[in-house]
Each structure stands twice: as C-alpha cells, then as structure tokens.
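# Sharing a model that was predicted from the sequence below.
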Amino acid sequence: MGKSMPLATFSEGRLMAPEELRQIDIFADVDEKSLLKYPGAVRKRTFEAGEVICREGEGGTSAFFIVSGSARVFIGRRLDPGRARKPRGFIARVGELFGQRPLDRPRHAPGKLVPIDATVDLKYGDLAATLGPGDVFGEMSCLNLAPRSATVVAEGDCEMIEILRNVYEVLQRSKTFKALMDQKYRERALDNHLRNVPVFEPLDPAALLELKNACELVSVEAGAVIFAEGDTADAMYVIRVGQVRVSKKFPGGERQLAYLTRGDHFGETGLLRNAPRNATCTAVDHPIAEAGGRKRRPARVELVKISSDAFERIIRGYPEVIRRLEEAAQKRVLSQVRAALTILPSVPSKKVEDLGLLQGQNLMLIDLEKCTRCDQCATACSEAHDDGISRLIREGPRYDRFLVPSSCRMCMDPVCMIGCPVGSIRRTEDLNIFIEDWCVGCGVCAKQCPYNSIQLHPLESFGVEVSDQARRVAETGEVVEVTERAVVCDQCSTLPTGPACVYACPHDAAMRVNARQFLHGAGLAGDDRSAL
Amino acid sequence: MIRVVLVLGGAAILLYLWEGSSRAADSDGSRGATLLGLTFGGGALAIMLFCAALSLKRRVPHWRIGRAQTWLRGHIWLGLLSVLLVALHSAFHAGGALTLTLWILLLAVTASGLFGVLLQQFIPRLLLHAVPEETLAQQLDRQFTNLRKIGEQIVAETAGTADPESLGRTTQLVQEVAAAAYATSGAQTAAAPLGPEAMRRFYHDYLVPFFRGTPMAPLLSRRRADSLFAALRTMTTPEQHPHIDELAELCERRRQLLRQRRLMRILFAWLLIHVPLSWGLLALSIVHAAVALRFGGAS
C-alpha cells in the first residue's frame, strides 16, 4: 500500500462463461443476457495457502465470492493514535510532578467490533476472523472504489470468484443472491451487531434471539431520508452496510450531528419516549464514488429494522435496558443543546463561508499581529504527543489578521468521517475527532477533510519498522506493506492544560475558539474584511 | 504582573530610602554588604535565574508550570525590576572592574531585551501587511526553488530553450527599451515585437540573476521590475502577455518571500546579542555573589 493506492489488477485467473456462472448458486436466477453483456467481468481465481488476496488500504475494484476453502481476514497493524507523552527519562519524570501525567482517555471497549468490507466484523481484540464458502468480501471496493478495509490471506487452497461492479450490480438485483447475503448476515454478523448496541447488553440469549428473529433487513438508496425530524418513531435501526448522517434543524440552519457506520444504531430514543423523531437520518453515498464522477447507481445503505412493537415486547421485562435507553436519550439531548448554542442567526460573509470558518467548533486561530513566528505552538504540539508528530502546521488561509492553520476544527459537519472503510475515525463525546489504532492508512479521511487537517505520516515516524509488522502478522507469514497512518489533532484532550499549542504560545497569539461565537463577537462573521 | 513589579519596586525604593536615612554607606559608597543590600542583590540574582529559566521552559513548552505568556511577562517585568534592585544594591555606584562589567552587561541585556520587545510589537504587523504570501521560515528555500522552476517552465513553454549566445542584439534592445520605459514611468515604447527571443533573453539577463539571488539584481526593485516587464510586453506578442504576467507575479512572490526572510532575520537577530550576554551576566553575577559572600561578609 502506498500513496498512489494502486488498483488491484483484474487480469489474473480464468474468465468465466455465462453458462459456467449459472451453475453457481448466486448466479442461478441471473438473466443470461445480463451476463453476456459484460464478458470478462467475472473471473475464477484460485489461491494457495498463504497467498495474499488483497491488502488493507489498497485500492480495489472487485468483490470476491468464496466458492471453496477459507481465508483469514485481518487488520495487520495497530498503532496507538498518539497521545500525551509518556514519561521518558529523568526530565520527563520530573515533568510528571508538574502534571504531565496524561489523563485517562476513554479507550475503545474491548468488545467493540471493527467494521470491515466483508460478511463478518472483526473483534477489537485480535482484529481477525475467518471467511468461508458463501462469504463475500470487497463489496464496497467493487461498488464505490473504497480502499480495501482489511488484508485477506488464503488459509488453505481456495477458489473464489472475482466480480467487477457491473456484474455485481446485476447480482444485487438477484433474489437468490440477496437471500444468501441476508442469511449470511443473520448467521455471522447480526448477533454481534445487536450485542454491540449497549442498551441490548443486559438481554439474555433467549431475548436476543427473539430480537434477532424480529429484525427486518431493509435497504435504502443513498440520499434517501430514513426518517425526518418530527416523524412518528416506529422503529429503531442498526446499520448493516453504508453510512447514515444524523442532522437536526436549528434556528440558524441545519446541522450535522454525526455520521454513523456499520454496526452503529439509531432511532431508539424515540421508541422509548414514544415521542416524535428529534433528528433526521439520511443514507449517505460513498465519497470516493461521488467524487469520481462515475456514472453509477447511488449506493444502497442496508439497515436492520427493529419495529416498535417488537422492541417494546422484548425490552418490557428488562428495566436495565430501559434505564440505559433513558441515559442515552439524555446524553443526546444534551449534545443537541450544546450544538444549538453554537448556531448564530447572522448571515456569514462569502469569505467566511469559503474558508469554512463557521464549521469550526474549536477553531485554531493565530493572531498574526501578535505572533512572532517562534513556532512554539508547533513545537509544543509535537512535544505533547508521544509519536513526536505535530498535528499543527502553521500555514493556511488568512482571515482579517488571523491565520487559520491546518489543525482540526472539530467541524460541525465532520465529513472526514464519511467513507472510512474500517470505521476507525470517530467523534468522541466531547466532539473531538479521533482515529482509532486500527487505521489502515488509506487516506480517505484526509481526502475528505476540506481543510487539510488530517495528515498521513509514514510509519517510520511512529517508530514502526517492517520487522514489527512482520511480527504482528507472523501468523500468516505475510508482511503487510502499509506505509502511512492518518494523524489528526486530538485537541490534547488528555492534557490537563488543554491544547498544548495555546498553552505554549508566549504572545497570546494562538487561540482555540468557537468560530461562530468568536467571529460574531469580533464583528467579523458577517462583515467581509478580507482585503488582506 | 506589572502591578506586582510596581509594588515590589516601590517597596524596594522606600526601604532603600529608609535605610539611607538611618545608616551610612560603605567606604566605596555602595550598600551591598548590608542586610538590605544583600537582599536586593539576592533578589536580583533570583530574578536573573528566573529569567534564564525561560529558555529552559521553552524546551518543555507543554509542561504544566504556568502558561508561556505568564513566563514571558514575568521575564520582561521582573527583568526590569532586577535593574532597579541592582541599582539599589550598589547604591548607584559602579564599583570595581567586576561590578562595572556587571553593570555594562546588565544594561546591555536590558537594552537588547527591550529592543526585542519593540521588534516583536512591530515586525509581526509588518509581516502581516507586507508579506501576504508569507510561508514557514523552514519552507523559504524550497519556495524559492519552486518559484525558479515554475519560471523556467513558463519560459520554456513560451519561448522554447534559451540560447543566449545568439541573442546579443536583443539584450541591447531590451535594455534600451527598459531604460526608456523606466524613464517614462512605464510608458509604452515603440519597438518591434521580438517574441520568444526577447523572452529568452529577458530570462537569462534578468530572471536568472534574480532567482539565483544575485545582489542588486534589477528585479529586486518592484518599480524597476514593473518597468522591465512593461518593456518586455512591448517586445512580445499579445499571446505571450499572460505568461509575462505570470512571470511578473512569480517575481512579486519572490520579493515578498525575500522581504519575509529579511524581516524574520531582524525579528530574531537581537537574540544573538541578548542570549549570550544574559548567560554571561548570570555567570558573572554568581561569581560576584560568591566572592562577595566569601570575602565581604554581611553587616
């Protein structure tokens, strides 16, 4: 894997004729004319034990259906996302006396699932699973050119069918294929997805089974509104494939609250309170496919729907579930109140809009009339992180007398979260953007960020050598050639002093502000003073 | 911070005056050996140590030992207070060779520091307004190289590979036209368009020295550059004018970056005096204190 993200070649293996394809279950009810229309779009591939089928982070254009044999799917590296410096040596230990001990940052729950582009998810613990006959992987790469979300290595000799997008779209219309995929999902992933919903944790196996049986698998086209604010709450949802945007209307305009990905859930609080929906949920298309300008059907977002009747029937005997739901609902209301406070009624100037300043809930600004260019902010940033990498680049556009450097703004609409093939980028409760340690370095988030606030750094910057990686994936005997990792400003949330860049500025030039409140307060938001 | 310093300074002066009215000075006129004098001296030395600690604090900018801004303010205001304390400690006397040297060093450190504070008030504003294309200082050389390469590319695309040997007459023409244009403040001068040849020669005669950083290169002056580019336009076809505009813009960017480098050198140059003198002052002050305590004694 590298910066260029080379697309996997589709030249190996043997081309399959339509009559041969028809003998395979999933193609049984596919119209032969459709198959004839795309000759060369399906190949039969055989892999020997230990052979790499695809690598995490690489570009890909095809999906794989396993006919026989099994394959190991895994994310081959795990890098700490960089946190407040751990004590190193005498000086650092003295520093501990002055409050340098990092605060506890909420880590991922050990049971958390890592979503990948396959019919299974990976457990956070070992980030590995096995795929067998009937499993499919690489669907999102095939349909949306998403980077490969995991590395797949043949466990023994295995036979697979590699399918390009045009035929895969035909397949998706096949009832047999859909039934097979639904069955696979129910067998292999649904259980985990339901267990992943914190409020369902107290359910006993019997109740979970009942819930599982009551689930309906539905799909919506990207762009479609799943439910709108004010609608009657009639179901809750778990995301099976794709992403969902949660937004809410405020007096100053609509605001994106979150992007949810595979395994996430939404819509349950309305059910509990028997109240109208308090936000709008919309299916989101994949960003790469959108940007690529390819003529294609909008992606489909697949969901698990749990009707209000089933929901109420099952949770009735579980007061703990109800208590957890209440807590979750209260948290969401609080975060919505916080969001409402940042909306201002003023109309922003064009330059403010162009620079995306109002997106910033915690925008970094440097007052250039005070800044002596001493670079203490960037130095402090790199010093404050144990990987020694500065998240702050003291360059960027200017607005009035302020420099808007490249550093995470904690955008109101965190579009960087759209399209991560492994769901490793997320927003914490305090609105920080956080990249989990299973980032595969594909760079989708960096491309998505409109403000260049996410950087890709070579693995050497993290002190990772190939031998380390080799050790990690020794089980497969294959070295995953990953080269980069995404890095984003974490607002120094583990430091008691707050952002190190601001703390270290000797001239009161660096600041972190809520852009709307700051620019409005300074009379700059609606008044274009962009002559500089 | 300023209030604390004013109160401390005022109190020191009052104590000094009170002591002056109640007891006589030492034979050399100073009062360094009295308890109060030692207190003044010790206070000044402590402040010097604190001021020196700022450079150590910069090495651990994120340590939770106070905001950098507080440290800097303390450095400036307490540094000024130390001058007063030293003056009271010495009872405004120069003393011997060591103490005279200390005085000179202290005044030099203070003056250079104040000069630095002044620079830090004005130069950032200058940079803000005079260098809209400002970049990171570490990136300047790279930017210069990039600008040169873009310039070469524009000329190569517009005029092909340059061959300066065969274009002597053109050089002369360009210079003549430029001189005329300069004299008439950029007025158009009649000259036969020479097209690519003029571009190539202009590149070799003016752009290359400018991009190489030759001192006194004509394009270093914006006014001169404007008239030279105006002259070049008269010698080229209208199709080439947009490329000439691009070249002019590149030159302007380079001039801005050169200005940035100049201003940043000035912004930080005072530290070359202030820092070594400060360490010298601190070292000599410690020597002075040790010698005075060893051989002087407090009364």
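All right, it came through fine. Residues are numbered from 1 along each chain as shown, chains lettered A, B, ... in the order given.

# How many residues are close by residue A:199?
Residue A:199 has 22 neighbouring residues, counting by other CB atoms under 10 Å in any protein chain shown. Placement of C-beta: from N, CA and C, glycine included.

# For it, which non-adjacent residue is spatially closest?
residue A:324 (4.4 Å; CB to CB, 6 or more residues apart in numbering or on different chains).

# What lies in contact with whichever strand or helix holds that neighbour?
If you go by DSSP states H and E, residue A:324 is part of helix A:319-341. With contact meaning CB atoms under 8 Å, 6 or more residues apart in numbering or on different chains, helix A:319-341 is reached by A:198-203, A:248, A:250, A:255, A:257, A:268-269, A:272-273, A:278-279, A:315, A:412, A:429, A:431.

# what about the strands in the stretch 351-500 of chain A?
Listed from the start of the chain, the stretch 351-500 of chain A has strands (DSSP state E, counting those that start in this stretch) covering A:363-367, A:398-399, A:402-403, A:425-427, A:433-435, A:454-458, A:484-488.

# which secondary element of the chain has the worst mean pLDDT?
Unless you meant another one, I'm taking chain A. Here the helix or strand of chain A ranked lowest by mean pLDDT, DSSP states H and E is helix A:466-472, holding a mean of 49.

# Hmm, no, I was thinking of chain B.
Sorting the helices and strands of chain B by mean pLDDT, DSSP H and E puts helix B:168-183 at the bottom, at a mean of 54.

# C-terminal to it, what's the next element?
helix B:196-202.

# who in chain A is up against chain B?
A:85, A:91, A:95, A:98-100, A:368-373, A:375-376, A:379-380, A:383-384, A:393-395, A:398, A:401, A:492, A:495-497, A:500, A:503-508, A:532 (CB under 8 Å from any CB of the partner chain).

# Separate out the buried members of these.
Buried by 16 or more other CB atoms under 10 Å in any protein chain shown: A:85, A:95, A:100, A:368-373, A:375-376, A:379-380, A:383-384, A:394, A:398, A:401, A:492, A:495, A:497, A:500, A:503-507, out of the residues of chain A next to chain B.

# got the end-to-end distance for stretch A:440-459?
11 Å (CA to CA, to the nearest Å).

# Mean confidence (pLDDT) on it, please.
Taken as a whole, stretch A:440-459 has an average pLDDT of 87.

# Likewise for stretch A:378-393?
Mean predicted lDDT for stretch A:378-393 stands at 86.

# Show the contacting residues for residue 196.
Because you didn't say which chain, this covers chain A. Contacts of residue A:196 by CB under 8 Å, 6+ apart are A:111-113, A:263, A:265.

# actually it's chain B I care about, not the one you picked
Counting by CB under 8 Å, 6+ apart, residue B:196 touches B:158-160, B:240.

# Can I get the residues you listed in CSV including neighbour count?
Shown next, in CSV, are the contacts of residue B:196 (neighbours: other CB atoms under 10 Å in any protein chain shown):
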residue, neighbour count
B:158, 20
B:159, 20
B:160, 12
B:240, 19
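
# For those, name the two members farthest from one another.
Farthest apart among these by CB to CB are B:160 and B:240. That separation is 12.1 Å.

# coming back round to it: tell me how many other residues surround the residue nearest to residue A:199.
Residues near residue A:324, counting by other CB under 10 Å: 20.

# hang on, the earlier thing: so which of the contacts of residue B:196 sits lowest on pLDDT?
Lowest pLDDT among the contacts of residue B:196: residue B:160, with 73.

# Once you drop chain neighbours, what's closest to that one?
Using CB to CB, 6+ apart, the closest residue to residue B:160 is residue B:196 (6.0 Å).

# For the one you found, give its distance to residue B:209.
20 Å (CB to CB, to the nearest Å).

# And residue 259, its phi and psi?
Assuming you mean chain A. Taking degrees, to the nearest 10, you get phi -120, psi 130 for the backbone angles of residue A:259.

# um, chain B though
Backbone torsions of residue B:259, given as degrees, to the nearest 10, read phi -60, psi -40.

# wouldn't it be in contact with residue B:132 here?
No. Using CB atoms under 8 Å, residue B:259 is not in contact with residue B:132, being 10.7 Å away.

# Who are the contact partners of residue B:69?
So residue B:69 contacts A:505-508 (CB under 8 Å, 6+ apart).

# hmm, which two among those residues are most spread apart?
Farthest-apart pair in these is A:506 and A:508; separation 8.0 Å (CB to CB).

# for residue A:303, helix, strand, or coil?
strand (DSSP: H, G, I helix; E, B strand; the rest coil).

# Wait, it touches residue A:235, no?
No. The pair residue A:303 / residue A:235 is not scored as a contact, 9.3 Å apart, by CB under 8 Å.

# more neighbours, these two?
Neighbour comparison, residue A:303 and residue A:235: the larger count goes to residue A:303, with 27 against 21 (by other CB under 10 Å).

# What number of residues are in the vicinity of the closest residue to that one other than its chain neighbours?
Nearest non-adjacent residue to residue A:303, counting by CB to CB, 6+ apart: residue A:237, 4.7 Å away. Per other CB under 10 Å, the neighbour tally for residue A:237 reads 24.

# same for the helix or strand hosting residue A:237, what does it pack against?
If you go by DSSP H and E, residue A:237 is part of strand A:235-241. Helices and strands touching strand A:235-241, by 3 or more CB pairs under 8 Å, 6 or more residues apart in numbering or on different chains; DSSP states H and E, are helix A:190-196, strand A:265-266, helix A:268-273, strand A:300-307, helix A:308-315.

# Good, we can wrap up now.
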